[in-house]
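Engineer: I'd like to go over a predicted model; first the sequence, then the structure.
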Amino acid sequence: MFTPEYGRIRGIARGGSRSRKRFGAGLDPLTHIQMHFRSWENRDLVRLEFCEPIETFTLLRNEVLRFGMGFYFAEIIGGLFPEREANPEVFELLLWGLQRLELCDDPHGLARKFEIKVISMAGYHPQSGACRVCGKGTGGKTNFRFLLEAGEIICPDCYNDFPGPTITGESVAILNRVPTLGWEGLNRLRISPRVIEELDGVISDYIRYHTGGKFRSKTFIESIRHGGTRA
Ligand SMILES: [Zn+2]
């Protein structure tokens with residue numbers, strides 16, 4: 001479970017599968033709930049007493065891509081933030097992400113916004129405002145090289161000797177823009193299909209670098225995207 005006050009917590013719900021009265025749909029994954037639990041200082045697990053759903057995200061549940069995407073959001077948060085560390089801002093981001101997944105017509109664009117926002121909240125936002133070598137700003141240039149391990153970019157005047165994926169100025173502008181926007185601004189921001197595709201590889205590699213593993217949900221999303229699984 002992910003909470004605004006206590007961050008990620010794990011717990012048990014005694015009789016959870018039987019007691020619809022105490023738990024209802026509140027134990028379903030990707031559900032926004034109100035919950036009551038007990039915790040003990042020397043125990044990792046809390047005990048869920050009862051919970052009730054606030055939002056169940058019905059549409060998200062009925063479309064396999066959106067459902068996989070919701071799990072991906074949750075997996076990223078699980079990879080970037082430790083247990084029992086309060087982070088109301090990240091809670092708000094997850095809630096926004098799930099609510100938008102339910103409504104938006106562009107889940108892949110939403111995923112890029114979520115990824116950039118979450119790495120920024122985790123303190124890993126790439127230094128994408130200026131070239132690492134010459135220090136010049138990124139406006140007006142068409143291509144940059146992205147240095148995965150350093151989280152930095154290099155402009156075309158300087159990147160001869162530096163290996164790494166090349167990304168367009170349009171992608172760099174999105175990288176710089178997303179962290180500055182609030183929810184409304186993010187909802188209005190359109191990301192072109194080319195940038196969605198380009199940042200898909202770069203940002204997920206970058207997140208993987210910081211979390212140390214590939215997410216199962218991401219593999220699943222890729223298999224759907226490339227014509228594999230059908231709902
Ligand atoms: Zn430069």
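Structural biologist: Noted; the coordinates are in hand.

Engineer: can you list contacts of the longest helix belonging to the chain?
Structural biologist: The longest helix of the chain (DSSP state H) is helix 193-211. Applying C-beta atoms under 8 Å, 6 or more residues apart in numbering, the external contacts of helix 193-211 come out as 76, 79-80, 108-109, 111-112, 115-116, 118-119, 122, 124, 126, 146, 148-149, 151, 165, 167-168, 170-171, 174-175, 191, 214-215, 218. Using the backbone N, CA and C atoms, a C-beta is placed for each residue, glycine as well.

Engineer: can you do 6 Å?
Structural biologist: By C-beta atoms under 6 Å, 6 or more residues apart in numbering, the residues outside helix 193-211 that reach it are 79-80, 108-109, 112, 115, 124, 146, 148, 165, 167, 170-171, 174, 214.

Engineer: Kindly supply the PyMOL command isolating those of those residues that are buried.
Structural biologist: This is how PyMOL selects the buried members of the contacts of helix 193-211, with burial counted by 16 or more other C-beta atoms under 10 Å:
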select buried, resi 79+80+108+109+112+115+146+148+167+171+174
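
Engineer: Keep only those of the contacts of helix 193-211 that are in strands.
Structural biologist: 146, 167 (DSSP state E).

Engineer: What is the burial count for S19?
Structural biologist: Close neighbours of S19, defined as other C-beta atoms under 10 Å, add up to 13.

Engineer: From I221, how far off is it?
Structural biologist: Distance from S19 to I221, counting by C-beta to C-beta, to the nearest Å: 33 Å.

Engineer: Phi, psi for G129 please.
Structural biologist: Reported as degrees, to the nearest 10, the phi and psi values for G129 are phi -80, psi -20.

Engineer: Which pLDDT value goes with the residue lying closest to it once chain neighbours are set aside?
Structural biologist: Once flanking residues are discounted, G129 sits nearest to N176: 5.9 Å by C-beta to C-beta, 6 or more residues apart in numbering. N176 carries a pLDDT score of 95 in this model.

Engineer: where do the helices sit along this protein?
Structural biologist: Ranges of helices within the chain are 20-23, 58-61, 64-80, 88-103, 107-121, 169-177, 183-188, 193-211, 216-225, based on DSSP H.

Engineer: where does the helix-or-strand element of the chain with minimal mean pLDDT sit relative to the chain's centre, distance-wise?
Structural biologist: Every helix and strand of the chain was ranked by mean pLDDT, DSSP states H and E. The lowest is helix 20-23, at a mean of 79. Distance, stretch centre to chain centre, for helix 20-23: 30 Å (C-alpha atoms, centre = their mean, to the nearest Å).

Engineer: And it, what does it pack against?
Structural biologist: Applying 3 or more C-beta pairs under 6 Å, 6 or more residues apart in numbering; DSSP states H and E, we find helix 20-23 packed against no helix or strand.

Engineer: Run through who's touching it.
Structural biologist: Applying C-beta under 6 Å, 6+ apart, the contact partners of helix 20-23 are 13, 16, 50-51.

Engineer: Restricting to C-alpha, output it in PDB.
Structural biologist: Only the C-alpha atoms of helix 20-23 are listed here, as PDB (Å, rounded to 0.1, in the frame of the first residue of the first chain):
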ATOM      1  CA  ARG A  20     -16.400  -8.400   1.900                       C
ATOM      2  CA  LYS A  21     -17.900  -6.500   4.800                       C
ATOM      3  CA  ARG A  22     -14.600  -5.300   6.200                       C
ATOM      4  CA  PHE A  23     -12.600  -5.000   3.000                       C
END
